[in-house]
Structures are given as structure tokens and as C-alpha cells.
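1. sequence plus the predicted model coming up.
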Amino acid sequence: MSLETWFADLESEAKERLAALGAEARHIVEKIGPVVVEDIEQALEELGKLALDAVIAEAPKLISGREKFGNAVANVVQSVEGEGRAILVQDAQMAVQNAYYAFKLAISTR
């Protein structure tokens, strides 16, 4: 699943939940919404940087693509957990996949 699809699905779910809340939804959107968006953006930015660092660290190794991907995911998980935070393996996988794609595009357009 692409990051764009994931965000579109998440947005749809958020709209459904807000609609179910009715009048309380406006308060949530005005007061809590900006904080949530800022937190999500910051977390994704940090995760993206960790994933890109992990991809770059694995790129020079002469091993299969599967091993590089697995190693990069493990590096991201270890980095996040080393900071005392939790991360789902699926989130690390998604971040690494997107980092590989970004790295590939950067190399191919050079």
C-alpha cells in the first residue's frame, strides 16, 4: 500500500468518525485537530529520516534485496526503540519501502 493510499484511507476514516460525533466534532477539529496533525507530521518526518539512513547504510552491501530490506527495517525499529519509543514493524516497513523508493528516484534522476 502506498503512503498516499494509506493517508487517503486514514482521512476517510477520520471523516466518518467526526461525522458520528456530530456537534462535538467541530470542537475536536478546532482544538485538537492541529495538534494531532502536527504530531503526526513530526513523527513521520523523524521516521522517514531514520528509514532513509537505514536504506543508505544497507545500500553498499552485496546481499540480496530482501536482506537489505530486512536489515533496514531492523535498524529503524532498533533506532526508535533505542530512543525509548515504540514502533510497529509494519510502520517501519512502510517507511523503509518509501525511503528505498525515494532513494531510487534520487539516483535515477541524477
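-> Okay, I see it.

2. element containing Y100, please.
-> helix 89-108 (DSSP states H and E).

3. that helix packs against which elements?
-> helix 3-21, helix 33-58, helix 65-82 (3 or more CB pairs under 8 Å, 6 or more residues apart in numbering; DSSP states H and E). C-betas here are computed from N, CA, C, even on glycine.

4. same list (the ones you listed) but as CSV, adding distance to T109 and mean pLDDT.
-> Shown next, in CSV, are the helices and strands packed on helix 89-108 (distance: least, CB to CB, whole Å; pLDDT from 0 to 100):
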stretch, distance to T109, mean pLDDT
helix 3-21, 19, 77
helix 33-58, 16, 79
helix 65-82, 21, 83
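
5. got a markdown table for these, with distance to D91 and mean neighbour count too?
-> Formatted as a markdown table, these follow (distance: least, CB to CB, whole Å; neighbours: other CB atoms under 10 Å):
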| stretch | distance to D91 | mean neighbour count |
| --- | --- | --- |
| helix 3-21 | 10 | 11 |
| helix 33-58 | 7 | 15 |
| helix 65-82 | 9 | 17 |
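
6. K104: which of those is closest?
-> Nearest to K104, of all these, is helix 33-58, at 9.4 Å by CB to CB.

7. let me know the outermost residue of this protein.
-> A23 (31.6 Å; CA atoms, centre = their mean).

8. list the buried residues in the helix holding Y100.
-> For helix 89-108, burial by neighbour count (16 or more other CB atoms under 10 Å) applies to D91, A92, Q93, M94, A95, V96, Q97, N98, A99, Y100.

9. that one: how far from the chain's middle?
-> 10 Å (CA atoms, centre = their mean, to the nearest Å).

10. circling back: can you redo the helices and strands packed on helix 89-108 as JSON lines with distance to L105?
-> Output for those, formatted as JSON lines (distance: least, CB to CB, whole Å):
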{"stretch": "helix 3-21", "distance to L105": "14"}
{"stretch": "helix 33-58", "distance to L105": "12"}
{"stretch": "helix 65-82", "distance to L105": "17"}
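
11. since that was my last question, I'll sign off now.
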